[in-house]
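Asker: Could you look at this predicted model? Sequence included:
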Amino acid sequence: MDTIGKSYLGSPDNPKTAAIVCYITLIGWFIAYYALYRNNRTSLAAYHLRQTLLLYILLFVINGFGYWANKEFIDALDIIWLVLWVWGFCNAVYEREKPIPIIGALAETLFEKL
């Protein structure tokens with residue numbers, strides 16, 4: 001197998017690296033954006049950065065309402081959020097640019113300049 005000219009997973013040159021790292025906490029999102037994406041802009045990385053940015057904003061909103069809302073309702077929303085996160089992460093691992101259900105299209109329109 002010829003590996004000359006191919007970037008390995010974990011390499012800053014591999015667009016899959018930024019797509020995966022952005023799913024690993026909010027700090028991972030900042031690392032993916034500032035350390036990996038800004039120097040090597042690819043559509044795969046941009047797509048997943050947009051998706052995860054809205055996911056993390058949604059998480060903060062859900063947990064912010066947790067102080068005033070019913071605990072069971074917030075727990076259900078957290079489980080839905082986790083399912084959406086896993087869905088997006090699997091898409092990043094398999095290098096797919098498929099929108100996350102419910103929020104994917106909204107993320108594309110809100111953060112199209114990213």
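Answerer: Thanks, I have it. Numbering: from 1, shown residues only.

Asker: From here on, just use CA atoms for contacts and neighbour counts.
Answerer: Will do.

Asker: What is the least confident helix or strand in the protein?
Answerer: Ranking every helix and strand in the chain by mean pLDDT, DSSP states H and E puts helix 15-21 at the bottom, with a mean of 89.

Asker: tally of neighbours for the closest residue to Ile100 other than its chain neighbours?
Answerer: Residue nearest to Ile100 in three dimensions, not counting chain neighbours: Gly88, with 5.8 Å by C-alpha to C-alpha, 6 or more residues apart in numbering. Residues near Gly88, counting by other C-alpha atoms under 10 Å, number 26.

Asker: Could you look up the SS state of Gly88?
Answerer: helix (DSSP: H, G, I helix; E, B strand; the rest coil).

Asker: So it is in contact with Ile102, correct?
Answerer: No. If you go by C-alpha atoms under 8 Å, Gly88 and Ile102 don't touch, sitting 11.7 Å apart.

Asker: Show me the shaky parts of the protein.
Answerer: Within the chain, the ranges that satisfy pLDDT under 70 run 1-12.

Asker: make it 90
Answerer: Scanning the chain for pLDDT under 90 picks out the ranges 1-17, 35-42, 62-78, 112-114.

Asker: all strands of it, in order?
Answerer: All residues of the chain lie outside strands when identified by DSSP state E.

Asker: measure the residue sitting nearest the centre point of the chain to Lys113 for me?
Answerer: Nearest to the geometric centre of the chain sits Thr52, at 2.8 Å (C-alpha atoms, centre = their mean). Distance of Thr52 to Lys113, given as C-alpha to C-alpha, to the nearest Å: 15 Å.

Asker: same deal with Thr25?
Answerer: Taking C-alpha to C-alpha, one finds Thr25 at 22 Å from Lys113.
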